[in-house]
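>>> missing the sequence, but the structure's below:
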C-alpha cells in the first residue's frame, strides 16, 4: 500500500484575465468550457479506484484577484490530495515553503505551498461523501 500524502489528480486550473467575461465566452465558444461563474467542471475517476469520482474545476479569475498572492503568477494549479496533513508534514520535513493559512469548507480542506519560483500551489483534500 502506498503511503498517504500523495497527489491524486488536478483539482483545478485557475488563471487571471483582465477580460474575464470575454475570456470565459471565448473558452466556452471554442473549447466547450462553459464557466458561468463557478467554473467549468470536468468529471473524472481514479485509475486505481474507478468508483471514486472527482472533478477538475477550470475557471478564470479577474486580473485584480488577490487569491494567488503573494505569487505574481497569473495562474494557479490545485492538486487533489489523499491526506493533506500527511503531505504537509512530509513537505515541511523536506523544507518546502508552506503558507500558514488553512481553509476548511463543506467540500474539503485547503492549504497552499510555493514552488522554487514562488508560484502558489493549492492543495485540496475533498470532504468524504456521506
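Structure's in. What do you need? Quick caveat: nothing in here was measured; it's all calculated off a predicted structure. Residues are numbered from 1 along each chain as shown.
>>> quick one, what contacts the nearest residue in space to residue 24 that is not next to it in sequence?
Counting by Cβ to Cβ, 6 or more residues apart in numbering, residue 24 lies nearest to residue 35, which is 4.8 Å off, once chain neighbours are set aside. In short, each C-beta sits where N, CA and C put it, glycine included. Neighbouring residues of residue 35 by Cβ atoms under 8 Å, 6 or more residues apart in numbering: 24, 27, 28, 58, 59, 60.
>>> For those, which two are the farthest from each other?
28 and 59 (11.9 Å; Cβ to Cβ).
>>> what touches both of these two?
Residues touching both residue 28 and residue 59 (Cβ under 8 Å, 6+ apart) are 35, 40.
>>> Of these two, which one has the most company?
A direct count of neighbours by other Cβ atoms under 10 Å for residue 28 and residue 59 places residue 59 higher, at 18 against 14.
>>> Can you tell me the SS state at that one?
At residue 59 the chain is in strand, as set by DSSP: H, G, I helix; E, B strand; the rest coil.
>>> Which strand residues bridge it?
With DSSP bridges as the criterion, residue 59 is bridged to residue 14.
>>> Return the residues in contact with it.
12, 13, 14, 35, 38, 39, 40.
>>> just the strands in the chain please.
7-17, 40-45, 53-62, 75-81, 97-105, 108-114, 120-126 (DSSP state E).
>>> tell me which residues of the second one are tucked away?
Going back to what we said before, that points to strand 40-45. residue 40 (16 or more other Cβ atoms under 10 Å).
>>> Spatially central residue for this structure, please.
The residue lying closest to the centre of the chain (Cα atoms, centre = their mean) is residue 78, at 1.6 Å.
>>> For that residue, which non-adjacent residue is spatially closest?
Closest residue to residue 78 apart from its sequence neighbours, by Cβ to Cβ, 6+ apart: residue 12 at 3.5 Å.
>>> shaky segments in this protein?
Confidence mapping of the chain against pLDDT under 70 gives the ranges 1-2, 129-130.
>>> Appreciated, that's everything.
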